[in-house]
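A.B. asks: Predicted model and sequence below, questions to follow.
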Amino acid sequence: MGLGNRRLQIDRSGPFFTVFLPNSWAIGLQIRQKLCSLGPIFAFGAPSPTASYGKTRYFTGATYGALTWGAGGRAMHYSAAMHIQPPALLLAAGRGERMRPLTDHTPKPLLAVQGLPLLQWHLQALAQAGVARAVINTAWLGEQISDRFSSFFVPKGALDKRKQLSISYSHEGLDFGCALETAGGIARALPRLGPVFWLAAGDVFAPDFRFAAAAAKRFAAGDALAHLWLVKNPEHNPRGDFGLSADGLALNLPADHPGPRHTYSTIALLRAELFAAPWCDIPAGNPAGLAAPLAPLLRRAMDAGRVTAELYTGRWTDVGTPERLATLNAETPTPG
């Protein structure tokens, strides 16, 4: 890999590669520019010339990795994964009114399902899939969530540190005193996410779902604003949410349309473009703390043919009532 008049040593053994850099923090800025030229950037940070120690991560359409530099900008190296995985946003800000009194003192994402906090099932799947970063939005009792998971998550039994999932938080409750609904919460977290990201609700149990890198790669290469996973309509949502065309487009069907509808699983791949005009009028970062639902944005994009979808046939439960939680906990535990 050439960089100006410098040539970097690259170790390409295994699924990861390492680039060994000269002893200069400034090369980090050139590496950033080089990586930006490789493809669409999922997220990145820039090293600071004043930092005595630090780490910054780069995510592009071809790679993700971490650039590390030591005291005085020395002992630098860059390591990157060869597979594609954008970051993830996990929605965990809801009050869980229907789950009361269970949620009076515990946020719904921390309620135990088959021995693990509900949110941990998603964290486990993301880490196993090679996702390196997750943002969790919080409001009701949000400090319990950040106290429980802190700033990183390592899957149970993982020996490879590359499976570690870095976690940051968008604390809507602390910032605004309330949750911002789905679109408002996403807009608030958007500066932490980059152009493409996974989305999943923290109160859904889907132990068979895999956050596949191949799906993220296909989505990033296309022009859809969203890709949704749809499920069979549960008893509490018999009419479903969206239609699905033969060629994989999600359909915003009129209320009187006789065609079949499926339920949105709350798992998706999204493009940040969906949260800008003409689809959304909330500024990135949502500085005013505007609350807004996601469905109207999706329906506008569907009407323009910019939302794709597929059916997910694995186990899926919207853990929205104490009865559904009890049913799950009465079943044979799923390997975690």
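C.D. replies: It's in.

A.B. asks: use CA for all of it now, contacts and neighbours both
C.D. replies: OK.

A.B. asks: hey, where'd the helices end up in this structure?
C.D. replies: Counting by DSSP state H, the chain has these helices, from start to end: 26-36, 118-128, 142-149, 172-176, 181-189, 213-221, 295-303, 322-330.

A.B. asks: Of those, which stretch is the most buried?
C.D. replies: helix 181-189 (a mean of 24; mean count of other CA atoms under 10 Å).

A.B. asks: average pLDDT for it?
C.D. replies: Taken as a whole, helix 181-189 has an average pLDDT of 95.

A.B. asks: same thing with stretch 144-159?
C.D. replies: 81.

A.B. asks: Export the helices of the chain to a markdown table and append columns for distance to Pro238.
C.D. replies: Rendered in a markdown table, the data for the helices of the chain read as follows (distance: least, CA to CA, whole Å):
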| stretch | distance to Pro238 |
| --- | --- |
| helix 26-36 | 46 |
| helix 118-128 | 24 |
| helix 142-149 | 32 |
| helix 172-176 | 32 |
| helix 181-189 | 22 |
| helix 213-221 | 28 |
| helix 295-303 | 17 |
| helix 322-330 | 16 |
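
A.B. asks: Out of these, which gets the lowest mean score?
C.D. replies: By mean pLDDT, the lowest-scoring of the helices of the chain turns out to be helix 26-36, with a mean of 49.

A.B. asks: Let me know whether Thr103 touches Arg95 as I believe.
C.D. replies: Yes. With contact defined as CA atoms under 8 Å, Thr103 reaches Arg95; the gap is 7.4 Å.

A.B. asks: give the contact list for the residue nearest the centre of the chain.
C.D. replies: In the chain, the C-alpha closest to the average C-alpha coordinate belongs to Ala88, at a distance of 1.2 Å (CA atoms, centre = their mean). Residues in contact with Ala88 (CA atoms under 8 Å, 6 or more residues apart in numbering) are 126, 131, 133-135, 193, 197-200.

A.B. asks: Ok, Gly285 next?
C.D. replies: With contacts defined as CA under 8 Å, 6+ apart, Gly285 is in contact with 187-191.

A.B. asks: same thing but 10 Å
C.D. replies: The neighbourhood of Gly285, defined by CA atoms under 10 Å, 6 or more residues apart in numbering, consists of 184-192.

A.B. asks: thinking again about what came up before, got any residues that touch both of Thr103 and Arg95?
C.D. replies: Looking at what touches both Thr103 and Arg95 (by CA under 10 Å, 6+ apart), the common residues are 140-141.

A.B. asks: quick revisit: and the residue nearest to the centre of the chain, how close does it get to Ile282?
C.D. replies: In this structure, Ala88 and Ile282 are separated by 20 Å, where distance is defined by CA to CA, to the nearest Å.

A.B. asks: Tell me which of the helices of the chain sits nearest to Arg239.
C.D. replies: When these are ranked by proximity to Arg239, the top entry is helix 295-303, at 15.4 Å, counting by CA to CA.

A.B. asks: Show me what that closest one is in contact with.
C.D. replies: 182-183, 224-228, 241-242, 249-253, 264, 274-276, 278-280, 304-308.

A.B. asks: Now, those that are in strands?
C.D. replies: Cross-referencing the contacts of helix 295-303 with the strands (criterion: DSSP state E) gives 226-228, 250-251, 264, 307-308 as the overlap.

A.B. asks: out of these, which one sits closest to Arg315?
C.D. replies: Proximity of the ones in strands among the contacts of helix 295-303 to Arg315 (CA to CA) peaks at Tyr264, which lies at 13.8 Å.

A.B. asks: and that closest one, what are its bridge partners?
C.D. replies: Using DSSP bridges, the beta-bridge partners of Tyr264 come out as Leu230.

A.B. asks: wait, it sits on Asn233?
C.D. replies: Yes. With contact defined as CA atoms under 10 Å, Tyr264 reaches Asn233; the gap is 8.8 Å.
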